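In: fold the stuff below for me.
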Amino acid sequence: MSTAKVIFMGDDSLLGAAAYLGGVMTHHGVEFTYVPSTRKANHALFDLGRSLFILSDYPSENLDKTAQQKISDSVKAGSSLLMIGGWESFHGLSGEYHDGPLADILPVQCKSSDDRVNWPQGVVPWLEAEHPVLGELPWGEPPVFCGFNETTLKEESQLVLSARPLIIRGMGITFIDDRYPLLVFGGHGEGKTAALTTDLAPHWVGGWVDWGLQRIRAQAPGGGEVEVGNHYAEFIGRLVRFLTS
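Out: Purely as a prediction, here's the structure:
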């Protein structure tokens with residue numbers, strides 16, 4: 001069994017949506033163990049010393065309560081947990097992580113029903129607080145994405161980015177009044193927790209995947225090749241490095 005310090009679970013397969021996050025992590029020199037969405041999690045995965053667990057569109061039915069508790073215990077001891085948005089993340093359409101060991105440690109409160117927000121006119125990541133993950137990226141010239149999971153902020157969590165949906169009427173462009181948690185950090189015991197409520201792969205990622213004028217080609221071992229914007233790649237690199245440090 002792989003002893004890579006990062007476990008990445010979900011996003012279909014490395015020949016599908018997982019090619020994006022997997023490819024960019026490989027570009028940054030991050031080794032990881034991958035579990036496709038269709039495979040149930042082997043409990044032995046969580047018995048080794050891991051630094052980061054990433055769940056992205058991974059069905060909760062494939063991660064039973066015992067496995068979730070193992071992740072929670074590992075985070076309490078100093079690992080990190082990152083949940084990334086999608087139809088099978090948070091509650092989603094069928095993710096249903098709204099209760100159980102992981103719901104208890106996420107920095108956001110999941111809804112107990114369908115939480116998907118599909119927004120064809122675009123959603124802007126809005127800076128709420130400075131954070132090392134944001135670095136010197138041009139958040140004043142943000143990308144646009146097109147969907148997210150609606151959650152609420154837990155007490156003592158740190159809201160770094162909000163999701164601000166756009167309204168376009170004729171020649172006018174404005175924001176709706178509400179803001180929603182987009183990038184949130186928290187902690188559990190000695191470990192870090194994070195929620196990114198949009199996806200890093202199509203379709204919700206929208207234009208975020210192309211953020212940056214420079215193009216980067218990336219490919220994970222056994223995965224498909226992707227071409228992405230340099231700011232998108234830097235954001236992922238900063239996020240993973242922060243959570244594994």
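
In: contacts and neighbour counts: CA atoms only from here.
Out: OK.

In: from memory residue 57 sits against residue 93, does it?
Out: No - using C-alpha atoms under 8 Å, residue 57 is not in contact with residue 93; the gap is 10.3 Å.

In: compare these two (neighbour count), which wins?
Out: residue 57 (26 against 15; other C-alpha atoms under 10 Å).

In: distance of residue 73 from residue 233?
Out: 30 Å (C-alpha to C-alpha, to the nearest Å).

In: which of the two has more residues huddled nearby?
Out: residue 233 (27 against 17).

In: look up phi and psi at the more buried one.
Out: phi -60, psi -40 (degrees, to the nearest 10).

In: quick one, what contacts it?
Out: 24, 216 (C-alpha atoms under 8 Å, 6 or more residues apart in numbering).

In: so what's the predicted local confidence for it?
Out: We have a pLDDT of 99 for residue 233.

In: what do you get for residue 74?
Out: For residue 74, the predicted pLDDT is 96.

In: residue contacts, it?
Out: Here residue 74 is in contact with 46, 50 (C-alpha under 8 Å, 6+ apart).

In: so it, which of the three states?
Out: helix (DSSP: H, G, I helix; E, B strand; the rest coil).

In: how far away is it from residue 156?
Out: 21 Å.

In: neighbours of the nearest residue to residue 38 once chain neighbours are set aside, just the number please.
Out: Closest residue to residue 38 apart from its sequence neighbours, by C-alpha to C-alpha, 6 or more residues apart in numbering: residue 12 at 7.2 Å. Using other C-alpha under 10 Å, residue 12 has 18 other residues around it.

In: show me what contacts residue 12?
Out: So residue 12 contacts 18, 36, 37, 38, 57, 58 (C-alpha under 8 Å, 6+ apart).
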